[in-house]
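Student: Got a predicted model here, sequence first, then my questions.
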Amino acid sequence: MPTVSELNTHKLNAVFPVSRETLDRLEHFVRLFEKWSRAINLVAPSTLPDIWNRHILDGLQLYALNSGAKRWVDLGSGGGFPGVITAILLLETDGGHVDLIESNQKKAAFLRQALLETGAKGAVHAVRIEEASQKLNGYNAISARAVASLDALLAYSADWMAQGATAWFHKGRDYQTEIEKARGGWDFDLVKHPGKVDADSIILEISNLSRRN
């Protein structure tokens, strides 16, 4: 019978190959996440039994699409998906770093502990997303998952994208409605990447953003 680690390795490698050290850090993060989830609501409780598929692999696939980016900002990081996953993966990249934006103090405390215990390359900023763009800059990539509508995410990200960052946003089955609404106020280039974990999900790659007059 394969061990839990062997099963996890097989799942991960189907999306993006990782080293033994990275797997160890991801497994440590999962144990920490499960511990903290007993005290604070980090994700929907119904998804906890399938954490590797619903959260770890889902975060991993975003990094797999843009593994060349070194500087990330993750909006509304919550339970660490995909921000902490990205920060762990960036340990094997020179100059890699993730700034995690999370205004909830309890969740921010969890994120700081997760970075500390896994040694992941990142920092936590307990501020509102709209404040972050005034204080932080220098990114290649922006990520967000289940945080806000696409229209709102574009408004949050506009300053960073004007500096050359590309946005990578997880969206669910209603993504097309969000795109149509966002097109009313913004022009942008869009690539749709089908989800590898959830058939109803998609990752939107957005660049060349400008506000319509």
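Tutor: Sure thing, it's come through.

Student: residues in contact with the residue most central in space within the chain?
Tutor: Closest residue to the average C-alpha location of the chain: residue 82 at 2.5 Å, with CA atoms, centre = their mean. Going by CB atoms under 8 Å, 6 or more residues apart in numbering, residue 82 touches 58-60, 62-63, 74, 143, 145, 170. Any C-beta I mention is one placed from the backbone N, CA and C, and that applies to glycine too.

Student: what do you get for residue 183?
Tutor: Contacts of residue 183 by CB under 8 Å, 6+ apart: none found.

Student: And it, how close does it get to residue 195?
Tutor: Relative to residue 195, residue 183 is positioned 22 Å away (CB to CB, to the nearest Å).

Student: what does residue 162 give?
Tutor: Distance, residue 162 to residue 195, by CB to CB: 28 Å.

Student: For the two, indicate the residue with more neighbours.
Tutor: The neighbour count for residue 162 versus residue 195, taken as other CB atoms under 10 Å, is higher for residue 195 (17 against 11).

Student: can I assume that one is in contact with residue 202?
Tutor: Yes. Using CB atoms under 8 Å, residue 195 is in contact with residue 202, at 5.7 Å.

Student: Need the residues touching each of these two.
Tutor: Shared contacts of residue 195 and residue 202 (CB under 8 Å, 6+ apart): residue 170.

Student: who's in contact with the spatially closest residue to residue 106 that is not a sequence neighbour?
Tutor: In this structure, residue 106 finds its nearest non-sequential neighbour in residue 40, 4.9 Å apart by CB to CB, 6 or more residues apart in numbering. Contact analysis of residue 40 by CB under 8 Å, 6+ apart lists 106-107, 110.
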